[in-house]
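Novice: test case, fold it:
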Amino acid sequence: MKNWRIRDLFRESVGNDAGSRGRTLILGGSALLVVGALFLSDLLVTGGILDFQRRYVESGGNLYIASSKSGLDAARCAALVSLPGVKGSAAVSPGPRARVLSEPGTLYWTGIVTMGAIRLLTTASTIQAVDLQGRVLVGADAAQELGVVPGSWLGIEGTKPKQVGAVVDSEDRDPALNRWIAAVAAPIGLARECWVEFDAGVKTGRQETMFAMFTGPDVVVQPVKRLDEFSRDPVGELAGRPQTIAWLYAGLLLALLGWLSSWFRRSDVGLYRAVGTGSPALLVIAAGEFVIPVVVGALGGALWALAWWMAEHGNPTSDQLYVASRTAASIVLLAVTCTPLSWIVLGRESIAAQLKDR
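Specialist: Presented below is the predicted three-dimensional model:
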């Protein structure tokens, strides 16, 4: 780089930015608006997808039920929780409908469940095994109709009165269970059903795993919820969001502003060339002039979008930050790669013609 040192080139870039505040503010402000808008848009889209996924999981989206009329090994069902990717499991044996002495005209479903069912019925449960020793578990709707709370006594037709150990609201996962009255027992003998909830990251092999654990001609495995019931495809939404291509247009827009700025400064390019500045040096000066305002503006836009999101929704997840940051970085990288080339293109013009514009 004839007649120039690297340090001097960067000083020249900083001096040009400081001497042309209007151009610097336009470039920085444009980067702030463009990057900030797409950064916030990515946070909103990914936030909506994560919220949907959370509601899907809470409603039992990863919960599967294996059933068999001939019975399933309750101990094997309870042991499934030890497998990698399994969040919880429980053996369930639905019983007949029965009358409660305080409400003789109403029938309620009865059943026997293992302790693991408490964690699968509701995600907000804090019930402990000691709360249910020798007691019964009552669904929220049944408890409201009967007017019972934990500690109340409940007389079921044909059995001795039992104390209510806990009331569970399973509205999100299976509303029908809210009218159950169930006893909690150890995983011994056979059960009609085995409930298994998988971790959110496990997307394949769930039904196959349960079929492998329970063999029999009448074994049926099915999910509690189906994704099509929610009429949304989170993976497809993330892959097809507008930001997957919008970063390209945004980067080209900033690059276009940079090229227009360079066009109005072609006389300056001619002056640099007249004093012996070569193409590599011109490229460094142009890059410095453009990178400084654009990077600062883009960083300010991203921080503004992040601050707004945190004020409205709290801290974003690492996945949200990764997606939004990748979009912002792609915009800036495309812009700062294309714009400095404008000075090389202008360097092909006649020096005399460029100097006439001064």
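
Novice: helices of the stretch 1-150 of the chain, residue ranges please.
Specialist: Listed from the start of the chain, the stretch 1-150 of the chain has helices (DSSP state H, counting those that start in this stretch) covering 6-19, 21-58, 74-79, 116-121, 140-146.

Novice: ok, Ser342 - contacts?
Specialist: Gly258, Trp259, Ser262, Trp263, Ala286 (CB atoms under 8 Å, 6 or more residues apart in numbering). C-beta: built from backbone N, CA, C; applies to glycine.

Novice: buried ones among these?
Specialist: Among these, those buried by neighbour count (16 or more other CB atoms under 10 Å) are Gly258, Trp259, Ser262, Ala286.

Novice: is it possible to get JSON lines of the residues you listed that adds distance to Val81, secondary structure and pLDDT?
Specialist: Compiled in JSON lines, the buried ones among the contacts of Ser342 are given as follows (distance: CB to CB, whole Å; DSSP: H, G, I helix; E, B strand; the rest coil; pLDDT from 0 to 100):
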{"residue": "Gly258", "distance to Val81": "58", "secondary structure": "helix", "pLDDT": "80"}
{"residue": "Trp259", "distance to Val81": "61", "secondary structure": "helix", "pLDDT": "81"}
{"residue": "Ser262", "distance to Val81": "64", "secondary structure": "helix", "pLDDT": "71"}
{"residue": "Ala286", "distance to Val81": "62", "secondary structure": "helix", "pLDDT": "70"}
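
Novice: farthest-separated two in those?
Specialist: Trp259 and Ala286 (10.3 Å; CB to CB).

Novice: ok so Thr215 is a helix residue?
Specialist: No. The assignment for Thr215 is coil, going by DSSP: H, G, I helix; E, B strand; the rest coil, so no helix is present there.

Novice: still on that earlier bit, is it possible to get JSON lines of the contacts of Ser342 that adds distance to Lys203?
Specialist: Formatted as JSON lines, these follow (distance: CB to CB, whole Å):
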{"residue": "Gly258", "distance to Lys203": "43"}
{"residue": "Trp259", "distance to Lys203": "45"}
{"residue": "Ser262", "distance to Lys203": "49"}
{"residue": "Trp263", "distance to Lys203": "52"}
{"residue": "Ala286", "distance to Lys203": "48"}
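
Novice: break the chain down into its domains, please.
Specialist: Following automatic domain parsing, one finds the domains of the chain at 6-55+235-355, 63-224.

Novice: just give me the lowest mean pLDDT stretch among these.
Specialist: When the domains of the chain are ranked by mean pLDDT, domain 6-55+235-355 comes last with a mean of 79.

Novice: I'd assumed Ile181 was in contact with Pro94.
Specialist: No. Using CB atoms under 8 Å, Pro94 is not in contact with Ile181; the gap is 11.5 Å.

Novice: surely Gly251 touches Ala328?
Specialist: No. Between Gly251 and Ala328 there is no contact, the gap being 10.2 Å when judged by CB under 8 Å.

Novice: would you list every one of the strands in the chain?
Specialist: For the chain, applying DSSP state E gives strands covering 63-73, 86-100, 103-113, 136-139, 153-154, 162-168, 180-184, 190-198, 220-223.

Novice: which of those sits closest to Ala307?
Specialist: strand 86-100 (35.0 Å).

Novice: and the closest one with helix 21-58, angle?
Specialist: For strand 86-100 against helix 21-58, the angle by axes from the mean of the first three to the mean of the last three CA atoms, to 10 degrees is 50 degrees.

Novice: just checking, what packs against strand 86-100?
Specialist: If contacts are counted by 3 or more CB pairs under 8 Å, 6 or more residues apart in numbering; DSSP states H and E, strand 86-100 sits against helix 74-79, strand 103-113, helix 116-121, strand 190-198.

Novice: got the angle for that strand vs strand 103-113?
Specialist: Using the same axes, to 10 degrees: strand 86-100 against strand 103-113 is 150 degrees.

Novice: which stretches of the stretch 151-300 of the chain form helices?
Specialist: Under DSSP H, counting those that start in this stretch, the stretch 151-300 of the chain gives helices at 206-213, 234-239, 243-263, 266-274, 279-313.

Novice: before I go, just wanted to say thanks for your time.
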